[in-house]
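A.B. asks: Could you work out the structure for the sequence below:
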Amino acid sequence: MSGPQTQHIDADLLNTSLDARIAYLKAFLGFGQKQADIINKIAPLVKDLIPAVVDDIYSKLFEFDVTKQVFMERNEVCMDYFPSFS
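C.D. replies: Numbers count the residues shown, from 1 in each chain. Got it, this is the predicted structure:
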């Protein structure tokens, strides 16, 4: 059984180039002009909801130690900026 071709991604470049990171995320998510048009169309309707949705997502992620740990390790330098979700 053959699946999709594995793509090589330069992990170092993802951490040093915003353009490379965005290109990777767009390819990974299958995000193209159609999705951009949809977001632009609904933006006025949902923009005020975004802060609450983001807070809810982080609250959910922080309910489990394995997902919370990912954010804590990477952002230890900025811990003063993160609310406590414990």
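A.B. asks: what packs against the strand or helix carrying residue 12?
C.D. replies: Secondary structure assigned from DSSP states H and E places residue 12 in helix 11-16. In terms of contacts (3 or more C-beta pairs under 8 Å, 6 or more residues apart in numbering; DSSP states H and E), helix 11-16 is packed against helix 18-29. (Glycine included, C-beta is placed from N, CA and C.)
A.B. asks: Now do the same for residue 63: helix, strand or coil?
C.D. replies: coil (DSSP: H, G, I helix; E, B strand; the rest coil).
A.B. asks: before we move on, back to that, can I get the helix holding residue 12 in CSV? Just the C-alpha atoms.
C.D. replies: The C-alpha trace of helix 11-16 is given here as CSV (Å, rounded to 0.1, in the frame of the first residue of the first chain):
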residue,chain,number,x,y,z
ALA,A,11,13.0,22.0,11.0
ASP,A,12,15.8,24.5,11.7
LEU,A,13,14.3,26.8,9.0
LEU,A,14,10.9,26.6,10.7
ASN,A,15,12.4,28.1,13.8
THR,A,16,14.3,30.9,12.0
